[in-house]
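Enquirer: Okay, structure incoming, though there's no sequence with it:
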């Protein structure tokens, strides 16, 4: 309704980023749409943390251009240090780069800022896994699953951590449960 509403463009960018990440639609199509919407958000309002976070996410997902994505994500955090999604994407990028202590710091901060968001909790588990802190990731995933036994993201993450710890039967069970639950969605 309002083509100059930057926050709406940032939201559309996030929507397209997640559609691509979860393979709901063709990745290239989603990545292009996310980048366009995020760029528009930043162009309309360069002081909007959500716009810079969406652009960082879009650059990360589309181009894997580490420096450019980091620039946007750090800018988002500078603009709003309490915006957890910027810290989540920054944590995931840092993990991909092998910058594990920084990654875990950002993931923990995101979880502290938004402890009820599953993506905040998932980012801590996922970054722990990539940092080879399998016990920590396993414990965090298991704690969530004790209260939310059908949490797909945590089942997925648990399968990786359990496998890394040699708990292969549990890893297979978590992966199979993920697949079964996805089939019901």
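Expert: Cool, got the structure. If you're wondering where the values come from, they're calculated on a predicted model, not measured in any experiment.
Enquirer: any weak-confidence spans in this protein?
Expert: 185 (pLDDT under 70).
Enquirer: Contacts only, for residue 108.
Expert: The contact partners of residue 108, by CB atoms under 8 Å, 6 or more residues apart in numbering, come to residue 124. C-beta: built from backbone N, CA, C; applies to glycine.
Enquirer: quick one: buried residues of the helix or strand where it lies?
Expert: Element membership for residue 108 (DSSP states H and E) is helix 100-113. Within helix 100-113, the residues that qualify as buried by neighbour count (16 or more other CB atoms under 10 Å) are 100, 102, 103, 104, 105, 106, 107, 108, 109, 110, 111, 113.
Enquirer: After it, which helix or strand is next? Please name it.
Expert: helix 118-130.
Enquirer: Which elements pack onto that following helix?
Expert: Contact here means 3 or more CB pairs under 8 Å, 6 or more residues apart in numbering; DSSP states H and E; on that basis helix 118-130 packs against helix 84-96, helix 100-113, helix 134-147, helix 152-164.
Enquirer: what's the most buried one of those helices?
Expert: helix 84-96 (a mean of 25; mean count of other CB atoms under 10 Å).
Enquirer: What angle do helix 118-130 and that helix make with each other?
Expert: 20 degrees (axes from the mean of the first three to the mean of the last three CA atoms, to 10 degrees).
Enquirer: what does helix 84-96 contact?
Expert: Counting by CB under 8 Å, 6+ apart, residues outside helix 84-96 touching it are 14, 49-50, 52-53, 56-57, 60, 64, 66, 69-70, 73-74, 76-77, 80, 100, 102-107, 109-111, 113-114, 117, 119-120, 123, 126-127, 130-131.
Enquirer: buried residues in stretch 32-47?
Expert: Here stretch 32-47 shows 33, 34, 35, 37, 38, 39, 40, 41, 42, 44, 45 as buried, counting by 16+ other CB under 10 Å.
Enquirer: Excluding residues flanking it in the chain, which one is nearest residue 156?
Expert: residue 178 (5.1 Å; CB to CB, 6 or more residues apart in numbering).
Enquirer: which element is that neighbour on?
Expert: Going by DSSP H and E, residue 178 is in helix 168-184.
Enquirer: tell me which residues of that helix are tucked away?
Expert: 170, 171, 174, 175, 177, 178.
Enquirer: Tell me the one of those residues nearest residue 144?
Expert: Among the buried residues of helix 168-184, residue 174 lies closest to residue 144 (CB to CB), at 12.0 Å.
Enquirer: I figured the closest one hits residue 152, correct?
Expert: No. In this structure, residue 174 is not within contact of residue 152 by CB atoms under 8 Å, at 10.2 Å.
Enquirer: got a list of what residue 68 touches?
Expert: With CB under 8 Å, 6+ apart as the criterion, the residues that contact residue 68 are residue 59.
Enquirer: angle of whichever helix or strand it is part of against helix 84-96?
Expert: Taking DSSP H and E as the definition, residue 68 sits inside helix 66-79. Using the same axes, to 10 degrees, the inter-axis angle of helix 66-79 relative to helix 84-96 is 150 degrees.
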